[in-house]
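> I'd like to go over a predicted model; first the sequence, then the structure.
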Amino acid sequence: MTTTTGHLPALAAAVLQPGFVGTTPPPWVCRWLGEGLGSVVLFARNVVDTEQVAALTATLRAERPDVIVAIDEEAGDVTRLESVHGSSRPGNFALGAVDDPALTEAVARDLGVELAAAGITLNYAPDADVNSNPANPVIGVRSFGADPALVARHTAAWVRGLQAGGVAACAKHFPGHGDTRVDSHHDLPRITADRDRLDACELAPFRAAVTAGVQAVMTGHLLVPALDPHLPATLSQRILGGLLRDELGFSGVVVTDAMEMRAVADRYGFAGATVRALAAGADAICIGGERADEQAAHELRDAIVAAVVSGELPEERLAEAAKRVGQLAAWTVTARSAGSAGARGAADVGLVAARRAVRITAAPGTTVALPLTRPAHVVEFEPLRNIAIGAETPWGIGGPLGELLPGTSTVRYAEPDVPADPGAGAGARPLVLVVRDLHRHDWMRAAVRRALAARPDAVVVELGVPELVTGAVHLATHSATRASGQAAAEVLTGAR
């Protein structure tokens, strides 16, 4: 290492946001914090409870007081802090269904206070995508809805609430992941909308987030030909510089979505995509969802240094990125030292929101067979997991319904396991059919049709996007979280 490049490894480390394995920081992370690393990101694998996370973050802060500690906590189906038990909040789609921005702000502030108490300073949320394509396999209930104006006002409310709680918000996935049938974890989505449509739909929530003072924006690994016909947004100077910075006026930190995701890594390489992202205007590189070790961090740090030495990445651009990360770190220190988090609101604000989001639809001429007054049989249909949702995160209504109606039984079927008559186990008991995004799954629709043919009195409970309403009685929660399951059970039994 020459004297002229000796400072580059620290600059390169400053823009990385790596993850790691374990519930305590490994030695390499602590060492890197002393060598310039500016941020880390936590996942469900790092979380036992808030007390343990607070101890973990205190260890990190002992090495570097202004370290940015990020997490991907959407407070809905995608939860890291509550991945073991399910979120105590209902998530964006449910909040959009209620459409009370003050409630959204209160839920987000409550989350911010909880995260701040655990030492977390940056949250990769809210999801500001407009879920305009009902077939979207990865956004769905993570969005506030399909109406751009609704999504915009709730995105702004969520940003205000979270940051009032003392945690920096990060609106994602710029310039908008809602109108796609492809999950960028697996391949590169293509957004075919023209510029007028993008302005009216996809970009509206991000404008609202910028106006609300959002501290960070996360890029989406998306090809949007109307904005850049050649490069995904994460790697596009036209999109990150020309659109986000110059047109929308965003001056905070641009964080990439995870750089190991196949949408970019398969095409440009893990390190190659990282260098291109920085050159395009990204400031912080998120890694570690799948590659969570020192080797991955080394690979990227060395690639960044080599790119500066070769001239592929201007040193001024790297220094600018590191400066912005430092400015965000300073914001988080101020938020913590000012005690801006304060006290949490009503302890049950998440459950209150989940209750308000429940909607019941009865077919014309139907006498609603609610409340249930005796033990029921619950059949839950399990679709393929959205990779953004932790495999360990529980969902369903069988548990909370069984607490209210002891003796209730529950079975769960994935596609290969569904019997000819899914509800046969109910006998004469009330039958409850639980689905997630029924409109997206042919096998699930067929199974529900068979069950309803045999038991037309069955209640259908939709925990996803209620695009398809079926059955004599249909209950939509707009979320599959623990809070939403509890709210559904209460409605089914008349407990509230």
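Thanks, I have it.
> SS state for the most centrally placed residue in the chain?
The centroid of the chain falls nearest to residue 74 when counting by C-alpha atoms, centre = their mean (4.4 Å). Three-state assignment for residue 74 (DSSP: H, G, I helix; E, B strand; the rest coil): coil.
> The stretch 151-300 of the chain: helices as residue ranges?
195-200, 204-211, 237, 262-268, 270-280, 294-310 (DSSP state H, counting those that start in this stretch).
> Just give me the lowest mean pLDDT stretch among those.
Least confident of the helices of the stretch 151-300 of the chain, judged by mean pLDDT, is helix 262-268 with a mean of 89.
> That one packs against which elements?
Here helix 262-268 touches helix 270-280, going by 3 or more C-beta pairs under 8 Å, 6 or more residues apart in numbering; DSSP states H and E. In this view, the C-beta of every residue, glycine as well, is placed from N, C-alpha and C.
> Which elements pack onto the helix it packs on?
helix 262-268, strand 285-286, helix 294-310, helix 315-337.
> Can I get the first one in CSV, CA atoms only?
Just to be clear, that refers to helix 262-268. Provided in CSV are the C-alpha atoms of helix 262-268 (Å, rounded to 0.1, in the frame of the first residue of the first chain):
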residue,chain,number,x,y,z
ARG,A,262,-29.2,-11.7,-8.2
ALA,A,263,-30.8,-8.8,-10.1
VAL,A,264,-27.4,-7.0,-10.1
ALA,A,265,-24.8,-9.6,-8.8
ASP,A,266,-25.6,-12.1,-11.6
ARG,A,267,-25.0,-9.4,-14.3
TYR,A,268,-22.2,-7.3,-12.9
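> For it, buried residues please.
263-265, 268 (16 or more other C-beta atoms under 10 Å).
> ok, back up a step: how about the helices of the stretch 151-300 of the chain, which one is nearest residue 354?
With C-beta to C-beta, the closest approach to residue 354 among the helices of the stretch 151-300 of the chain belongs to helix 204-211: 22.4 Å.
> mind saving the C-alpha coords of the closest one as PDB?
The C-alpha trace of helix 204-211 is given here as PDB (Å, rounded to 0.1, in the frame of the first residue of the first chain):
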ATOM      1  CA  ALA A 204     -45.100  10.500  -5.800                       C
ATOM      2  CA  PRO A 205     -44.300   8.700  -2.500                       C
ATOM      3  CA  PHE A 206     -40.600   9.500  -2.800                       C
ATOM      4  CA  ARG A 207     -41.300  13.100  -3.400                       C
ATOM      5  CA  ALA A 208     -43.400  13.100  -0.300                       C
ATOM      6  CA  ALA A 209     -40.600  11.300   1.700                       C
ATOM      7  CA  VAL A 210     -38.100  13.900   0.600                       C
ATOM      8  CA  THR A 211     -40.500  16.700   1.600                       C
END
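> Confirm residue 456 sits in a strand?
No. Under three-state DSSP, residue 456 sits outside any strand and is assigned coil.
> What does the pLDDT read for it?
pLDDT, residue 456: 95.
> mind listing the helices for the stretch 301-450 of the chain?
315-337, 349-357, 398-404, 442-454.
> deepest of those helices, which one?
helix 349-357 (a mean of 23; mean count of other C-beta atoms under 10 Å).
> helices and strands around it, which ones?
helix 92-98, helix 101-117, helix 482-493.
> from the ones you listed, which stretch is densest packed?
helix 92-98 (a mean of 28).
> can you dump the C-alpha coordinates of that helix into PDB?
Coordinates of each C-alpha in helix 92-98 appear next as PDB, following Å, rounded to 0.1, in the frame of the first residue of the first chain:
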ATOM      1  CA  ASN A  92     -48.200  -0.700   5.700                       C
ATOM      2  CA  PHE A  93     -51.100  -2.200   3.800                       C
ATOM      3  CA  ALA A  94     -53.300  -2.300   6.900                       C
ATOM      4  CA  LEU A  95     -52.400   1.300   7.700                       C
ATOM      5  CA  GLY A  96     -53.300   2.300   4.200                       C
ATOM      6  CA  ALA A  97     -56.600   0.500   4.500                       C
ATOM      7  CA  VAL A  98     -57.400   2.500   7.600                       C
END
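> which other residues reach it?
74, 76, 103-104, 107, 126-127, 131, 140-145, 150-151, 154, 158, 353-354, 356-357, 359, 465, 476-479, 484 (C-beta atoms under 8 Å, 6 or more residues apart in numbering).
> Now with 6 Å, please.
76, 104, 127, 141-145, 150, 154, 356-357, 478-479 (C-beta atoms under 6 Å, 6 or more residues apart in numbering).
> Let's test this: mean pLDDT of it, rounded?
98.
> Tell me the spacing between residue 235 and residue 282.
8 Å (C-beta to C-beta, to the nearest Å).
> for residue 33, same thing?
Taking C-beta to C-beta, one finds residue 33 at 21 Å from residue 282.
> In terms of neighbours, single out the busier of these two.
Just comparing residue 33 and residue 282: by other C-beta atoms under 10 Å the higher neighbour count belongs to residue 282, 27 against 22.
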